[in-house]
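Enquirer: Sequence and predicted structure, then a few things I'm wondering about:
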Protein chains: 2
Amino acid sequence: MPYIPLATHLPGITGLLEYRRDTAAPIRELTQFLLRGPNSLTEAERELIATIVSYGNECRFCTTAHATAADALMGNSAVTEQIKIDHWQSTLSEKMKALLEIARLVRISGKAVTDNAIELAKAAGASDLEIHDTVLIAALFCLYNRYVDGLATSFPDDPSYFGQLADRLVNHGYHRLPQGYDHLKK
Amino acid sequence: MPYIPLATHLPGITGLLEYRRDTAAPIRELTQFLLRGPNSLTEAERELIATIVSYGNECRFCTTAHATAADALMGNSAVTEQIKIDHWQSTLSEKMKALLEIARLVRISGKAVTDNAIELAKAAGASDLEIHDTVLIAALFCLYNRYVDGLATSFPDDPSYFGQLADRLVNHGYHRLPQGYDHLKK
């Protein structure tokens, strides 16, 4: 049971974003820009950053949501399964593996990020902006994971839920859906 | 040295917010609303949540900035000094001590928040919205602390810096300052 009264048909983050729309608006805007805005990192790569952080924080709702979105964008689930175990062994580019390492360290603590991890990413071709965005996306999911689990939000019972959510995230992004799209809200 | 090129006269978060104004705008808006918007928690109480989280995350810039702002709002530094050691021993209300405990747990992990911690806050008179906002403020500072330290931002040399920053945060909030206020920017 969530610690505060949330709509029972809206699990995880979705109920929180409807509970307080004042705070939801800038959270949605930041997420939409970082995960779907113009970027040299693909949408799938940015969803992988969200996934590795959420998995490390053991946030089941966020991990499943963003892994499913990344899988939909990439057409397979092999990469998300692999990065949960060891991203260095994945088939991703050297740059992306180095950025996932930075994200993994940011999750532990800002202070855990080392000169070495940054140098490795730069040597693999990561730009300053890509490093910036990786750190900020990782930090944002440290916010989300704590928000979702700190208020004990519910996990959906329906096994088809995350496929529908991924379809929404891939095709409509992180904006609040307009009226008339209520069937997509969950 | 920061890991990415930031303006050298803008330490801590201030250089990051100028580095990428696209992402800074919703971060500022969320912070302004949560820390300065209409709320049954005072501005000082909300700065204390920011302080206890930043201190727990060992983020020196954020801890000093928000403790100094809280001190300015309260007219003393006894409370911020005490909550760094043990908030239960502070002179704050029972409700505020229970909310700081929730913030302390959120910092560790969303999953660290217990039914007992929530029940204690509710028994001390905390509303659902106060519990929500406490969790979200704590989660937001988990973002900030990782952003500031994950990119190795600088700490100001000038001992008067944080007094000036606190004056700005108390009197102007978290908005981006308009042109002509450049002397307040640091």
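Expert: Received it, and whenever you're ready, just let me know what you need.

Enquirer: going forward, measure contacts and count neighbours with C-alpha atoms only.
Expert: Will do.

Enquirer: quick one: contacts for the closest residue in space to A:Arg36 that isn't next to it in sequence?
Expert: Spatial nearest neighbour of A:Arg36, excluding adjacent residues (Cα to Cα, 6 or more residues apart in numbering or on different chains): A:Glu43 at 6.1 Å. If you count contacts by Cα atoms under 8 Å, 6 or more residues apart in numbering or on different chains, A:Glu43 has them with A:35-36, A:70, A:73.

Enquirer: Torsion angles phi and psi at A:Glu43?
Expert: Note on A:Glu43: its backbone torsions stand at phi -60, psi -40 [degrees, to the nearest 10].

Enquirer: how far away is it from A:Ala69?
Expert: Noted for A:Glu43: a distance of 9 Å to A:Ala69, by Cα to Cα, to the nearest Å.

Enquirer: cool, A:Lys84 as well?
Expert: Computed as Cα to Cα, the A:Lys84 to A:Ala69 distance reads 15 Å.

Enquirer: just A:Leu30 next, same as before
Expert: Using Cα to Cα, A:Leu30 is found at 18 Å from A:Ala69.

Enquirer: hang on, the earlier thing: neighbour-wise, which of A:Lys84 and A:Ala69 wins?
Expert: Taking neighbours as other Cα atoms under 10 Å in any protein chain shown, A:Lys84 and A:Ala69 compare with A:Ala69 leading, 27 against 18.

Enquirer: I'd assumed A:Ala166 was in contact with that one.
Expert: Yes: in this structure, A:Ala69 is within contact of A:Ala166 by Cα atoms under 8 Å, at 4.5 Å.

Enquirer: By neighbours, which of the contacts of A:Glu43 wins?
Expert: Most neighbours among these, by other Cα under 10 Å: A:Ala70, with 27 neighbours.

Enquirer: Quick check: which element contains that one?
Expert: Element membership for A:Ala70, per DSSP states H and E: helix A:60-74.

Enquirer: what residues does that helix touch?
Expert: Helix A:60-74 is contacted from outside by A:12, A:43-45, A:47-48, A:50-52, A:54-55, A:77, A:79-80, A:144-145, A:148, A:155, A:162-163, A:165-167, A:169-170, using Cα under 8 Å, 6+ apart.

Enquirer: Following the chain onward from it, which element is next?
Expert: The helix or strand immediately downstream of helix A:60-74 is helix A:78-86, counting by DSSP H and E.

Enquirer: what's the angle from that next one to helix A:60-74?
Expert: Relative orientation of helix A:78-86 versus helix A:60-74 (axes from the mean of the first three to the mean of the last three Cα atoms, to 10 degrees): 140 degrees.

Enquirer: do the next helix or strand after helix A:78-86 and chain B meet at all?
Expert: Sequence order places helix A:94-108 as the next helix or strand after helix A:78-86, per DSSP H and E. Yes: with Cα under 8 Å from any Cα of the partner chain as the criterion, chain B is reached by helix A:94-108 at A:106-107.
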